[in-house]
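Q: the following block contains a protein sequence and its predicted model.
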Amino acid sequence: MAITMRGVPLVLVLGLCAAPRAAVADDAVAKLFRARCATCHGAAGDGNTASGRKLGVKNWRAARILPRLSDGEIARIVREGVKGKGGKWAMAPFPKLSDEQIASLTAHMRALAK
Ligand code: HEC
């Protein structure tokens with residue numbers, strides 16, 4: 001009996017620890033976007049930054065860019081990067097981001113674009 005009673009909270013604690021792994025928490029995603037993406041795309045996703053203007057980054061809030069891309073296409077762009085004129089990286093690839101990070105960043109970008 002005592003074992004069962006102690007067993008229940010342990011299962012609950014394990015359950016709570018496992019939950020955040022499915023998605024990256026909102027504030028962590030916003031932080032990740034600001035750190036890795038906002039230099040060009042802007043914290044608000046409007047591309048209105050010095051680098052963004054130089055590279056011709058699109059304003060996600062003004063044009064229907066992201067709704068035309070599937071989650072899979074966005075993940076591929078983030079992972080493989082975008083080549084600009086002359087074969088140089090316009091946007092360098094982010095091969096180290098996990099599937100969960102990319103999925104959360106995609107949801108964050110889609111929310112910014114609304
Ligand atoms: C060095 C500047 C730079 C950084 C940093 C950067 N991007 Fe980009 N991104 C670009 C450019 C340039 C394009 C291509 C724009 C075009 O072709 O019109 C682009 C395109 C994209 C696109 C395709 C949609 C579009 O607007 O064409 C997505 C999605 C995207 N970036 C997501 C991200 C994410 C997520 C990050 C951070 C992990 C990131 N970018 C970081 C410059 C950057």
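A: Okay, I see it. Residues are numbered from 1 along each chain as shown.
Q: where do the helices sit along this structure?
A: Counting by DSSP state H, the chain has helices at residues 2-18, 26-36, 38-41, 50-55, 71-80, 99-113.
Q: and those helices: which comes nearest the ligand?
A: helix 38-41 (2.9 Å; CB to the nearest ligand atom). C-beta here means a position set from N, CA and C on the backbone, and glycine is covered the same way.
Q: and the chain, which residues reach the ligand?
A: Residues of the chain lying close to the ligand by CB under 6 Å from any ligand atom are 36-37, 39-41, 51, 55-58, 65, 74, 77-78, 82, 90-91, 94, 105.
Q: tell me the pLDDT at the nearest residue to Ala90 once chain neighbours are set aside?
A: Take Ala90 and drop its neighbours on the chain: the residue closest to it by CB to CB, 6 or more residues apart in numbering is Gly84, 3.3 Å away. At Gly84, the pLDDT value in this model is 89.
Q: ok, Ala38 next?
A: Reported pLDDT for Ala38: 98.
Q: repeat that for Asp26.
A: 88.
Q: again, but for Glu100
A: 96.
Q: just checking, it touches Ala23?
A: Yes. Counting by CB atoms under 8 Å, Glu100 touches Ala23, with 6.2 Å between them.
Q: okay, and the common contacts of the two?
A: Here Glu100 and Ala23 share no contacting residue, scored by CB atoms under 8 Å, 6 or more residues apart in numbering.
Q: any stretches of this structure with poor pLDDT?
A: Along the chain, segments meeting pLDDT under 70 span 1-22.
Q: middle-most residue in it, spatially?
A: Nearest to the geometric centre of the chain sits Leu105, at 1.4 Å (CA atoms, centre = their mean).
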